[in-house]
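Asker: No sequence on hand, only this structure:
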Ligand SMILES: Nc1ncnc2c1ncn2[C@@H]1O[C@H](COP(=O)(O)OP(=O)(O)O)[C@@H](O)[C@H]1O
Ligand SMILES: [Mg+2]
């Protein structure tokens, strides 16, 4: 159903899809990120774990360029985007699904779905989107915010799949959703990964993340304090419980 | 009865101007969060633009209908890029003071060169004369103003509520940061939106030139009433601005017939009543 993403010549050779170094970020006077460092390899699912307020969302916002002030180096497909505006970053092929989902109430479902412009070839067609999200097809003329929480999350993901961006940042896509919906979103992310998307995922739901991620980074007080591969998970469980306080 | 119909027509004409102007104010407020006090001065510039096009360039009214909104709209974009843009994120008060200052400067400059009396602008040949409708005599130009304004209002509504550009505009009104993070050049859209709102004001200025003459203070008088209209209708809704504009024009006309002494104050009385009962305006959403 999902075709493999056609990587362009240079992304195939790319070692890191995204490389963040020495990232610092501020909200006004409040200094939130202190030298964040991590890399995302092409085609992998990297999950940022960490307690509430650790700085996970701020990391995504910094990559997207929607934070008051940021410094450090952010390389996307080998290009420095640490000073670029968010519209330019989006056009380079990064798509962002925010924590609060960002469904527009003054737009109907179709308009919400069609809003993000295509930034590259190879975005999903409407037919494929409706294959993946049959509910949306039924609700095209409803006001965006009249959808259920799960449907809004589906819509928020669906609309960035249309754009052709191959690097997705999903901020807590399962937050507040029913278990059956969480399962669907998990399935979706697996399929996206199989078709070659690179995914930077923020999750509090560790059990959910552990079934998807290739690697984990642990965020605490605005720093990456630990990282490991999915295969190293069992050995790290105890540490993780401490980090996350579960 | 003749007098009643005549006043209703005057009301509809005033209502056309109220609708065109408050529509622009609503669009601008939604996108820039600025209460555009320069709106009346830009309306005046639209009328002057028509005057210059004719007297200097020999270009007719029909050209002015197209060119004046573009010229004044571009001037608006220049204002936005050089000044208004810097107020993003600040309190409404700053935008209000800045645009009020711009209005005073523009009106002062025009007054300096053209005095306070009106310059005549003739009704285009095609629209002179009138028709007897049986129950009243309708000057063709006045009928044209009402119908054309209504058409422009509906077209603007259509663009905003039913097109892709309108979807961008509505979305950016709600959450500009996210719209930008989808790859849309929101700053450019904001400038265009200001140009669009200002262009509507200039268009109203052209329409009014043959009726009210061309005067530097023509907008200063009108804008006070238009702000009352906006307060009554609420800032949030496009259709609300249009309907409120026309309705209040008609109510004013009716008052002129029933109780002429109150015709200049009726809008303000309504404004006070609405503010007491529903401070966000009849169609407005809470800020
Ligand atoms: N808009 C904001 N203004 C000021 N401080 C903020 C803002 N958003 C988040 N913060 C602060 O930044 C820190 C990191 O927040 P965030 O990145 O949202 O954490 P997480 O996503 O890991 O829960 C927190 O201490 C939070 O209080
Ligand atoms: Mg968060």
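Answerer: Structure's in. What do you need? Please read these numbers as outputs of a predicted model, since none were measured by experiment. Ligands and ions are numbered 1, 2, ... in the order given.

Asker: element containing whichever residue of chain A sits closest to ligand 2, please.
Answerer: Using C-beta to the ion, residue A:57 is the residue of chain A that sits closest to ligand 2, at 3.1 Å. Where C-beta positions appear, they are placed from N, C-alpha and C, glycine not excepted. Residue A:57 belongs to helix A:56-64 when assigned by DSSP states H and E.

Asker: List the contacts of that helix.
Answerer: Helix A:56-64 is contacted by residues A:18, A:20, A:23, A:25, A:27, A:32-33, A:36, A:48-50, A:67, A:70, A:74, A:76, A:81, A:86, A:89-90, A:94, A:96, A:99, A:169, A:171, A:200, A:202, A:219, A:222, B:181 when judged by C-beta atoms under 8 Å, 6 or more residues apart in numbering or on different chains.

Asker: and what of stretch A:114-134?
Answerer: A:1-3, A:5-6, A:90-93, A:95, A:104, A:107, A:113, A:136-137, A:154-155, A:158-166, A:188, A:191, B:164, B:167-168, B:171, B:179, B:182-184.

Asker: Give me the three-state assignment for residue 47.
Answerer: Picked chain A for this. Recorded secondary structure, residue A:47: strand (DSSP: H, G, I helix; E, B strand; the rest coil).

Asker: Count the neighbours of it for me.
Answerer: 24 (other C-beta atoms under 10 Å in any protein chain shown).

Asker: Contact partners for it?
Answerer: A:201-203, A:209, A:212-213, A:215-217 are the contacts of residue A:47 under C-beta under 8 Å, 6+ apart.

Asker: now do residue A:157
Answerer: A:97, A:170, A:173, A:185, A:188.

Asker: just residue A:170 next, same as before
Answerer: A:97, A:157, A:189, A:199-202.

Asker: Including pLDDT and secondary structure, could those residues go into a markdown table?
Answerer: Formatted as a markdown table, these follow (pLDDT from 0 to 100; DSSP: H, G, I helix; E, B strand; the rest coil):
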| residue | pLDDT | secondary structure |
| --- | --- | --- |
| A:97 | 98 | strand |
| A:157 | 97 | helix |
| A:189 | 96 | helix |
| A:199 | 98 | strand |
| A:200 | 98 | strand |
| A:201 | 97 | strand |
| A:202 | 97 | strand |
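
Asker: what about the spatially closest residue to residue A:162 that is not a sequence neighbour, which SS state?
Answerer: What sits nearest to residue A:162 in space, not counting adjacent residues and going by C-beta to C-beta, 6 or more residues apart in numbering or on different chains, is residue A:123, at 4.8 Å. With three-state DSSP as the basis, residue A:123 sits in coil.

Asker: burial of residue A:123, as a residue count?
Answerer: Residues lying near residue A:123 (other C-beta under 10 Å) number 20.

Asker: taking the contacts of residue A:157 one by one, which sit in helices?
Answerer: A:185, A:188 (DSSP state H).

Asker: Need the contacts of residue A:157 in CSV (columns: distance to residue A:231).
Answerer: What follows is the contacts of residue A:157, written out as CSV (distance: C-beta to C-beta, whole Å):
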residue, distance to residue A:231
A:97, 27
A:170, 23
A:173, 24
A:185, 24
A:188, 24
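
Asker: from the contacts of residue A:157, which two are the most distant?
Answerer: Spatially, the most separated pair among these is A:97 and A:188, at 11.6 Å (C-beta to C-beta).

Asker: Against ligand 1, how distant is residue A:72?
Answerer: 16 Å (C-beta to the nearest ligand atom, to the nearest Å).

Asker: do the same with residue B:139
Answerer: 58 Å.

Asker: cool, residue B:161 as well?
Answerer: 31 Å.
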